[in-house]
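J.: predicted model and sequence below, questions to follow.
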Amino acid sequence: MHGGPQLSPVSPWLTVVLIGESGVGKTNLLSRFTRNEFSQDSRTTIGVEFSTRTVMLGTAAIKAQIWDTAGLERYRAITSAYYRGAAGALLVFDVTKHQTYAAAERWLKELYDHAEATIAVMLVGNKSDLQQAREVPTEEARMFAENNGLLFLETSALDSTNVELAFQTVLKEIFTKVSKQRQSSSRTNAITLGGAQAGQEPGPGEKRACCISL
């Protein structure tokens, strides 16, 4: 990532997983974000598929790797393994099918059982263009998200509504968390410069660090 901060000494990728029941539109959200494409005949995802895209967050070029996981029960053991390395997740439900929203709590528990505690999660109500068929009130879903510490947006992969914003928001949240972790680590290293802990006199042969840059 030339010109931008390196987020990881191993890999510059930020990994985001798409999770939720089968048929909620995860694959079309991914294709809309990475290729600006939509398919009415999108097939059911088998196991896990992924796409990538580089996005700009301020002056930093961030490489996003988005994993589209299958929503069917028989693939659950496979897909849950991908939660461990994810820095962010979009938990997707279909606003026209209440059962896909009712399953969100189970998906969230499964995610937290396998992922890092610091993972950034957004609840996404997809297919917002189908207002006449809506079964999940926006405020109900928003309240669920707030009560569980999640970000929230409604999207439409069909007409692109909020798709870009959803991914950008999650990536920004990840970037912010990683940056804070890096800053905290830098401060800790700076305070212990010279082998002397802050507030302690240097030992024999040690030099006091004259300047600490935070």
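T.: Received, thanks.
J.: how about residue 95, phi and psi?
T.: phi -70, psi -10 (degrees, to the nearest 10).
J.: enumerate every residue touching it.
T.: Contacts for residue 95 (C-beta atoms under 8 Å, 6 or more residues apart in numbering) come out as 101, 125-128, 130, 134-136, 138, 141, 154. (C-beta placed from N, C-alpha, C; glycine too.)
J.: when you filter the residues you listed down to buried only, what's left?
T.: 101, 125-128, 134, 136, 141, 154 (16 or more other C-beta atoms under 10 Å).
J.: sorry, back to before: report the two of the contacts of residue 95 separated the most.
T.: With C-beta to C-beta as the measure, no two of the contacts of residue 95 lie farther apart than 130 and 141, at 14.8 Å.
J.: is residue 121 bridged to anything, and to what?
T.: residue 89 (DSSP bridges).
J.: just checking, it touches residue 108?
T.: Yes - using C-beta atoms under 8 Å, residue 121 is in contact with residue 108, at 7.3 Å.
J.: could you measure from residue 102 over to residue 117?
T.: 25 Å (C-beta to C-beta, to the nearest Å).
J.: circling back to that earlier point, any shared contact partners between residue 121 and residue 108?
T.: 91, 150.
J.: neighbour count for those two, which is higher?
T.: residue 121 (26 against 18; other C-beta atoms under 10 Å).
J.: quick one: pLDDT of that one?
T.: If you check residue 121, the pLDDT there is 97.
J.: same check, this time on residue 173
T.: For residue 173, the predicted pLDDT is 92.
J.: ditto for the one 10 residues further on
T.: At residue 183 the predicted local distance difference test score is 69.
J.: kindly report the same for residue 83.
T.: At residue 83, pLDDT is 83.
J.: so which of the buried ones among the contacts of residue 95 are in helices?
T.: Among those, DSSP state H puts 101, 141 in helices.
J.: report the buried residues of the helix or strand encompassing residue 66.
T.: Assigned by DSSP states H and E, residue 66 falls within strand 60-69. Judged by neighbour count (16+ other C-beta under 10 Å), strand 60-69 contains these buried residues: 62-69.
J.: nothing else from me, thank you.
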